[in-house]
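> Quick one, fold the following:
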Amino acid sequence: MLEAIPVDFNNADADGAVRLETKGVLNFLRLRSIELAEGMIVIIADDGLIARALVTMRDGIWVARIEGWLDN
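As a prediction, the model looks like this:
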């Protein structure tokens with residue numbers, strides 16, 4: 001399984017899309033040389049909750065739209 005990107009599920013748009021522009025997420029991606037791209041599938045996690053998500057650009061920031069929840 002891919003390493004999960006640590007996110008804050010409380011930092012989401014009204015429709016539940018999780019913002020990927022926080023300092024912690026950007027640092028995580030930079031340290032692993034990961035560049036976000038439109039349509040990219042990622043694994044995101046917060047406090048034991050893990051989800052498969054689709055990356056998209058919305059209003060000038062990267063967000064992850066949850067596609068489904070995973071067992072941890």
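> quick one: low-confidence parts of this protein?
Applying pLDDT under 70 to the chain flags the ranges 1, 72.
> how about the helices in this protein?
Taking DSSP state H, the helices of the chain run over residues 23-31.
> so who does residue 50 touch?
Shown in contact with residue 50 (Cβ atoms under 8 Å, 6 or more residues apart in numbering): 4, 43, 44, 69, 70, 71, 72. Heads up, the C-betas are built off the backbone N, CA and C, glycines and all.
> Is there a quick PyMOL command that grabs whichever of those residues are buried?
With 16 or more other Cβ atoms under 10 Å as the burial test, the buried ones among the contacts of residue 50 are selected in PyMOL as follows:
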select buried, resi 4+44
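> from the contacts of residue 50, which ones fall inside strands?
With strands taken from DSSP state E, the overlap with the contacts of residue 50 comprises 43, 44, 69, 70.
> excluding its backbone neighbours, what's nearest the last one?
Counting by Cβ to Cβ, 6 or more residues apart in numbering, residue 70 lies nearest to residue 50, which is 4.4 Å off, once chain neighbours are set aside.
> next one: the first one
Sequence neighbours aside, residue 4 is the residue nearest to residue 43 in space, at 4.4 Å (criterion: Cβ to Cβ, 6+ apart).
> my guess is that neighbour contacts residue 48, does it?
No - using Cβ atoms under 8 Å, residue 4 is not in contact with residue 48, being 10.6 Å away.
> ok so, going back, could you measure from the residue nearest to residue 70 over to residue 41?
To residue 41, residue 50 is 13 Å away according to Cβ to Cβ, to the nearest Å.
> swap in residue 71?
17 Å.
> now swap in residue 26 and tell me
Using Cβ to Cβ, residue 26 is found at 19 Å from residue 41.
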